[in-house]
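# here are the coordinates; sequence isn't available:
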Ligand SMILES: Nc1ncnc2c1ncn2[C@@H]1O[C@H](COP(=O)(O)OP(=O)(O)O)[C@@H](O)[C@H]1O
Ligand SMILES: [Mg+2]
């Protein structure tokens with residue numbers, strides 16, 4: 001009977017890198033429930049997000065590493081996912097139960113920011129993540145309509161607004177408290193308060209990702225949100241036109257100044273057929 005050395009198995013696993021994080025899976029604590037029984041090795045590979053796009057080749061690389069250990073003839077790798085939380089700087093108060101906040105921003109309206117935020121939220125939920133979407137575009141809340149709520153949908157509880165669920169995503173919007181068609185005319189400090197309320201007084205439950213649809217520009221609501229919350233990163237949406245790109249550059253500069261990493265810029269509506 002083959003005798004498999006457990007330390008040889010760990011050594012082989014240390015040589016496998018996460019394809020995106022470029023660090024070995026042992027130091028990333030992704031190897032769980034390792035079991036060696038005769039010549040069979042089984043384990044769970046705990047991914048850092050259920051939305052990992054490279055699961056197939058990644059799993060295969062781990063299995064091949066196990067099979068390269070002398071005496072191992074069967075390798076069984078199960079996949080799991082455990083989203084890790086992002087802790088911001090100590091002065092930014094975490095949102096209870098929420099692991100990561102992702103801001104979607106642009107410096108211009110109409111470039112597709114809410115469309116991107118909605119699709120991102122639904123796609124992450126579809127992959128198995130626990131997702132919420134906060135409509136922080138207080139003056140022009142479009143998320144309820146985009147998420148399929150009927151006009152005038154109300155969602156309030158005793159304590160204030162509450163999230164309502166569609167497509168597996170918990171949604172909260174100022175639109176849930178406004179009668180149909182009412183515009184919001186709020187000034188700076190009130191917007192700051194509303195944003196704080198949205199973050200800390202809404203019962204989001206446990207979330208892997210809270211996607212925040214910011215209003216366009218470096219307005220009060222965007223600034224309050226970015227200063228208030230421990231945002232893990234921002235996605236900036238732009239269109240290919242020169243003026244839109246100029247504006248997107250400003251949004252990137254704002255996040256830089258507030259020390260929020262920019263995950264990337266999405267160029268939307270690259271083709272326009274008139
Ligand atoms: N890639 C796209 N193709 C076609 N229409 C789009 C696309 N992205 C956005 N739109 C449409 O453009 C309009 C503005 O998008 P929206 O997401 O509301 O922009 P923003 O939130 O930046 O103001 C909406 O009617 C939306 O359906
Ligand atoms: Mg919008």
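Yes, it's here. Since the structure is predicted, the reported quantities are computational estimates derived from the model, not experimental observations. Residues are numbered from 1 along each chain as shown. Ligands and ions are numbered 1, 2, ... in the order given.
# could you say which helix or strand contains residue 7?
Using DSSP states H and E, residue 7 sits in helix 6-14.
# which residues are in contact with the helix or strand following that helix?
Scanning forward in sequence from helix 6-14 by DSSP H and E, the next helix or strand is strand 31-37. Residues outside strand 31-37 that contact it (CB atoms under 8 Å, 6 or more residues apart in numbering): 4, 6, 9-10, 13, 25, 41-46, 80. Glycine gets a C-beta too; all of them are placed from N, C-alpha and C.
# Filter those residues down to the buried ones.
The neighbour count (16 or more other CB atoms under 10 Å) marks 4, 9, 13, 25, 41, 43, 44, 45, 46 as buried among the contacts of strand 31-37.
# So the first one is in contact with residue 73, correct?
No - taking CB atoms under 8 Å as the definition, residue 4 is not a contact partner of residue 73, at 9.4 Å.
# joint contacts of these two?
Common neighbours of residue 4 and residue 73 (CB under 8 Å, 6+ apart) are residue 39.
# Would you mind listing what in the stretch 51-200 of the chain touches ligand 2?
113, 114, 142 (CB under 5 Å from the ion).
# quick one: which of the residues you listed is nearest residue 53?
Residue 53 lies nearest to residue 113 out of those, by CB to CB, at 23.0 Å.
# right, and that closest one touches residue 237 too?
Yes - the criterion here is CB under 8 Å, and residue 113 meets it with residue 237 at 4.7 Å.
# Mind listing the shared neighbours of those two?
Contacts common to residue 113 and residue 237, judged by CB under 8 Å, 6+ apart, are 104, 105, 106.
# restrict those residues to those near ligand 1?
residue 106 (CB under 6 Å from any ligand atom).
# Apart from its chain neighbours, what residue comes closest to residue 49?
residue 83 (5.5 Å; CB to CB, 6 or more residues apart in numbering).
# and that neighbour, how far is that from residue 131?
Separation of residue 83 from residue 131 (CB to CB, to the nearest Å): 10 Å.
# now the residues of the stretch 51-200 of the chain next to ligand 2 in JSON lines, with distance to residue 270?
Putting those into JSON lines (distance: CB to CB, whole Å) gives the following:
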{"residue": "113", "distance to residue 270": "16"}
{"residue": "114", "distance to residue 270": "18"}
{"residue": "142", "distance to residue 270": "22"}
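# Out of these, list just those in helices.
113, 114 (DSSP state H).
# of all the residues of the stretch 51-200 of the chain next to ligand 2, which comes closest to residue 262?
residue 113 (14.2 Å).
# tell me the contacts of that closest one?
104, 105, 106, 137, 213, 214, 216, 237.
# And residue 261, by the same measure?
Listed by CB under 8 Å, 6+ apart, the contact partners of residue 261 are 232, 233, 234, 255.
# Quick check: the nearest residue to residue 176 once chain neighbours are set aside vs ligand 1, distance?
Nearest-residue entry for residue 176: residue 155, 4.1 Å, with adjacent residues in sequence omitted and distances by CB to CB, 6+ apart. Remark: distance between residue 155 and ligand 1 (CB to the nearest ligand atom, to the nearest Å) = 21 Å.
# Can you report how many residues neighbour residue 155?
17 (other CB atoms under 10 Å).
# how much space between it and ligand 2?
19 Å (CB to the ion, to the nearest Å).
# ok, that residue - contacts?
Remark: with contacts taken as CB under 8 Å, 6+ apart, residue 155 is in contact with 161, 162, 163, 164, 172, 176.
# go again using 6 Å as the cut-off
Residues in contact with residue 155 (CB atoms under 6 Å, 6 or more residues apart in numbering) are 162, 164, 176.
# Touching stretch 197-207 from outside, list them.
95, 97, 98, 130, 132, 134, 160, 161, 172, 229.
# on that earlier part again, now do the residue nearest to residue 176, the pLDDT please.
Confidence at residue 155, expressed as pLDDT, is 81.
# number of nearby residues for the residue nearest to residue 49?
Residue 83 has 19 nearby residues by other CB under 10 Å.
# got the contact list for it?
Here residue 83 is in contact with 49, 99, 208 (criterion: CB under 6 Å, 6+ apart).
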